[in-house]
Structures are given as structure tokens and as C-alpha cells.
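Engineer: coords please:
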Amino acid sequence: MLDSILKELSKTNTTLVAVSKTKPLTAILDMYGQGQRVFGENRVQELVQKYEELPKDIEWHMIGHLQKNKVKYIAPFVSLIHSVESIALLKEIEKQARKQERVIDCLLQFKIAEEDSKFGMQLGDISSFLQSSEFFQFQHVKIVGVMGMATFTHDMVQVREEFRRLKSIYEDLKANVFLENVSFKEISMGMSGDYKIAIEEGSTMVRIGSLLFGSR
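Structural biologist: This next block holds a predicted model:
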């Protein structure tokens, strides 16, 4: 399954994040042995444990809800945080990254779904802050794109519309805030059930778990 998905994604230069949450080390190592190096976790404790026990050339992505008081545990090693859903969290990542003397790549998470259970910002929440003097002083976070989660539904028309909403947010930020920033290029959207639609709507990064590892 990994080979067929990678072949499909290579046509559009889309990055595969293999969502390994709840999966044993043996399952991750099996996929590692097939060449996969980018893995996503949604719980800090599990992410830290797997980082400590698995090969160090794995690129770990934090894709789940992240509490401010947990940032310090992943700041030393995390490659990309997908779920930056508030200005307060962004400030904490800057603080912890500065302590580690490293720069942490981040995606801004926007609420595009109709479901109340989904986290994320509204464009107005963050746009002015990104153009503020306070943000310009940040030296340890790099905003490289946006992330969103579609509604969990069989209505693919709705899902497509929500993905288009995120692409529109990305384009707005690119034009008005990050026009000169070549690093701002990622749109993380699409999971096992809807990644093909996500790619059609401009996703550059898909988060796939059950298709690769089997259902939890």
C-alpha cells in the first residue's frame, strides 16, 4: 500500500505524513524499512517516547492538539508542528525553541470544518498579528504554511468545499503576509478517506494513517 500511495503522490509532489499514533514500534520500523521517513503523532507523550526509541533520521510531525505546557517536551527535536491553533501557542513555541537554540517549522491551523470538535483559528485572528512588530521579532519559529481538517462526513461535496476554504486562506496569507517568503508553501490537508480530493484542491502534504497501518 505504501508504494502505491507514494507513486500516486509523486505525480503532484505531495508529501506523505504517515500517521503512526497508537501504532507499535514494529509497525513504524516496517514502514521505515520501506523508505518512509516522515511520521505524524497526535499525543506528546507518545511522540517523545517514539522519538527516543526509533532511528534519529525520522522526521517527526506533531499533528494533534498541542497544549502550551507540553511544547517544551517536543521542542528539542520536532520537525514540524501542524497544529498551531492560537497566537498564545505560537508565542510558547517561539519561547521554547529559543531555549533550544533552534528554529521550529510551524503550520497555522484553521477551522474549516462545520464540526464544533475541530480546533483552529479564523483568518482574522492571526492576520494582524503576523504583521505586528512583535511577530517580526520572532527568530525561532518559521511559518511554512497552513493546516486544516475537514468535517468527518460522507458528503464529499462538503469536504471539497472545506478544502477550498483552506486553499483560499493560504492564498490570502501568501498574497498579503508571506509574499516574499519562499518557505511559506505548505497546505496540510487530507487524510485516509479524502486525500485524493485534498490533492485535487491543492494539498502539498497529506496525513494518512489507517490506509497504511490498518484501522485502530
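Engineer: mind listing what the most centrally placed residue in the chain touches?
Structural biologist: Centroid-nearest residue in the chain: His82, 2.7 Å away (criterion: CA atoms, centre = their mean). Counting by CB atoms under 8 Å, 6 or more residues apart in numbering, His82 makes contact with 40, 61-63, 107, 109, 147, 188, 207. C-beta here means a position set from N, CA and C on the backbone, and glycine is covered the same way.
Engineer: surely Ala75 meets Glu94?
Structural biologist: No - with contact defined as CB atoms under 8 Å, Ala75 does not reach Glu94; the gap is 10.1 Å.
Engineer: Against Val146, how distant is the residue lying closest to Gln34 once chain neighbours are set aside?
Structural biologist: Excluding its sequence neighbours, the residue lying closest to Gln34 (CB to CB, 6 or more residues apart in numbering) is Leu2, at 5.3 Å. According to CB to CB, to the nearest Å, Leu2 stands 26 Å off from Val146.
Engineer: What of Cys106?
Structural biologist: Going from Cys106 to Val146 by CB to CB gives 10 Å.
Engineer: Pick out whichever of the two has more residues nearby.
Structural biologist: Set Cys106 next to Val146 and count neighbours by other CB atoms under 10 Å: Val146 wins out with 29 against 24.
Engineer: is it true that the more buried one lies in a strand?
Structural biologist: Yes - the assignment for Val146 by DSSP: H, G, I helix; E, B strand; the rest coil puts it in a strand.
Engineer: what's the burial count for Trp31?
Structural biologist: To be clear, residue 31 is Met; Trp isn't right here. Using other CB under 10 Å, Met31 has 18 other residues around it.
Engineer: Also Gln45?
Structural biologist: 10.
Engineer: how near is the residue lying closest to it once chain neighbours are set aside to Lys142?
Structural biologist: The shortest distance from Gln45 to any non-neighbouring residue, by CB to CB, 6+ apart, is to Tyr73 (7.9 Å). As judged by CB to CB, Tyr73 and Lys142 stand 20 Å apart.
Engineer: same question, Phe135
Structural biologist: From Phe135 to Lys142 the distance is 12 Å (CB to CB).
Engineer: which helix in the chain runs the most residues?
Structural biologist: helix 156-176 (DSSP state H).
Engineer: Check which helices and strands it is in contact with.
Structural biologist: Packing contacts for helix 156-176, counted by 3 or more CB pairs under 8 Å, 6 or more residues apart in numbering; DSSP states H and E, involve strand 104-110, helix 123-130, strand 141-148, strand 186-188, helix 195-200.
Engineer: For that helix, give me every contacting residue.
Structural biologist: 108, 110, 112-114, 123, 127, 130, 145-148, 150-151, 153, 184, 187, 189-190, 194, 197-198, 200-203.
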